[in-house]
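S.K.: got a predicted structure here, sequence first:
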Amino acid sequence: MSEKNHPRVVIGAGEHNNNPDWLQTQESELNLLNRKDWEDKFAVDSLEAILAEHVWEHLSFEEGVKAAEVCFDFLKPGGYIRCAVPDGYFPDENYQEGVKVGGPGPADHPAASHKIVHTYKTITSMFEEAGFQVNLLEFCDENGTFHHTDWDEKEGFIYRSFRFDHRNKDGNLGFLSLIVDAVKPEQ
């Protein structure tokens, strides 16, 4: 299937990506902030779904809105972005140290380029500003209480999630993501 006709896209496909029938991309070939990259690969209103697992935290809030606006244009009405990011309300000091803005250590650490640690409020606001309706799938609230809604992994598998991350065992939460579906309205 050509890229122009591929309905589902993974942004920043990582090592735990389990979406084999989706088009797998990296920043060097499909930059969220470069509309021309998108125009070269896809038609406007052509995509059913975009998956981004631990990508949006590498963008500032303003860049996140711009990236969401680019994605919005290429999604079909009713299409969605399934987005997972580190959760700023997950009450684990080691986790927060590892995901903080600028990262926990050397410049080559994966978190060194984190520009924001989202909460359910900031990510909802960011996607709503770009025109999306947001459905919260997994998140912690201000009190650190974890909330989740059942979601279908066939509609976008997220490894770093309540159900699939190996660090979550025997009722203990070792690693969570804030996960949302940002849906382009039908009208």
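M.R.: All right, it came through fine.

S.K.: in this protein, where's the longest strand?
M.R.: strand 75-86 (DSSP state E).

S.K.: which helices and strands does that one pack with?
M.R.: The contact analysis (3 or more C-beta pairs under 8 Å, 6 or more residues apart in numbering; DSSP states H and E) places strand 75-86 against strand 47-53, helix 120-129, strand 177-183. For every residue, glycine as well, the C-beta is placed using N, CA and C.

S.K.: columns mean neighbour count, distance to Val101 and mean pLDDT on top of those, output as CSV?
M.R.: Formatted as CSV, the helices and strands packed on strand 75-86 follow (neighbours: other C-beta atoms under 10 Å; distance: least, C-beta to C-beta, whole Å; pLDDT from 0 to 100):
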stretch, mean neighbour count, distance to Val101, mean pLDDT
strand 47-53, 23, 18, 97
helix 120-129, 19, 12, 98
strand 177-183, 24, 15, 98
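
S.K.: which among those is found nearest to Pro86?
M.R.: Between Pro86 and the helices and strands packed on strand 75-86, the shortest separation by C-beta to C-beta is 6.7 Å, and it involves strand 177-183.

S.K.: C-alpha coordinates for that closest one, PDB please?
M.R.: Written as PDB, here are the backbone C-alpha positions of strand 177-183 (Å, rounded to 0.1, in the frame of the first residue of the first chain):
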ATOM      1  CA  SER A 177       1.400   6.900  30.500                       C
ATOM      2  CA  LEU A 178      -1.200   9.600  30.100                       C
ATOM      3  CA  ILE A 179      -3.100   8.300  27.100                       C
ATOM      4  CA  VAL A 180      -5.800  10.100  25.000                       C
ATOM      5  CA  ASP A 181      -7.700   9.800  21.800                       C
ATOM      6  CA  ALA A 182      -7.900  13.200  20.200                       C
ATOM      7  CA  VAL A 183     -10.800  12.900  17.700                       C
END
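
S.K.: okay then, goodbye and thanks.
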